[in-house]
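Student: Dropping the sequence and predicted coords here.
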Amino acid sequence: MKLKAVLFDNTPSALVAALEKIRPDVMGEVLVPHLKVPQDFGPAEFYVQRSDMVFKDEAVGERDWMCEVRLTGVSGPQTNFKRSVADFWNAGKALTALYKRKIQECIPSGQRTQLFVVIMVDEPLPIDATRKLSPLIEGVPEWVMGECVVTTKKRN
């Protein structure tokens, strides 16, 4: 499995650094409990790819950011019998909550980030009550407000 975020090229460095070190949190909060991977899941089985950086359009406010997250290479329940359809949806909720927390911790108060999380499964799964099928487990884009208090050092 590969996890990657897409961020603006001038995203606050605290968030970029936090997302580069997110693997242990993803293992503990998403993959082990929801997608039933073993604790010793190796680095070739799951890795975090360096974030892609994109240009921030001039129309986007200077206090607005974006974070699109994709977890790919996820085996569905026909391949991994330990996983139910509900497990994928719960994994999506947990992954969203984790990234939301990182954004809140790293983005300065008064600024916001639009977060969009997608899990790409290798087979279609039911996505709603009509039993419509899709390989994409995705929420809706949401704005997350930063909560980080930025302090400046006084120079003497």
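Tutor: Yep, that arrived.

Student: contacting residues for Ser75?
Tutor: Neighbouring residues of Ser75 by Cβ atoms under 8 Å, 6 or more residues apart in numbering: Arg83, Val121, Asp122. From N, CA and C alone the C-beta is placed, and that goes for glycine too.

Student: Look at the first one and give its secondary structure.
Tutor: Think Arg83. coil (DSSP: H, G, I helix; E, B strand; the rest coil).

Student: How about the second one?
Tutor: Taken by three-state DSSP, the conformation at Val121 corresponds to strand.

Student: May I have the beta-bridge partners of it?
Tutor: Val74 (DSSP bridges).

Student: Quick check: the gap between it and Pro12.
Tutor: 32 Å (Cβ to Cβ, to the nearest Å).

Student: Those two: which is more packed in?
Tutor: Val121 (23 against 20; other Cβ atoms under 10 Å).

Student: Look up how far Leu71 lies from the more buried one.
Tutor: The value you get for Val121 to Leu71, if Cβ to Cβ is used, is 9 Å.

Student: Likewise for Phe41?
Tutor: Taking Cβ to Cβ, one finds Phe41 at 13 Å from Leu71.

Student: next one: Val85
Tutor: 16 Å.

Student: Would you mind telling me which of the two has more residues around it?
Tutor: Each of Val85 and Leu71 has its neighbours counted (other Cβ under 10 Å); Leu71 has more, 24 against 14.

Student: and that one, what helix or strand is that in?
Tutor: Assessed by DSSP states H and E, Leu71 sits inside strand 64-74.
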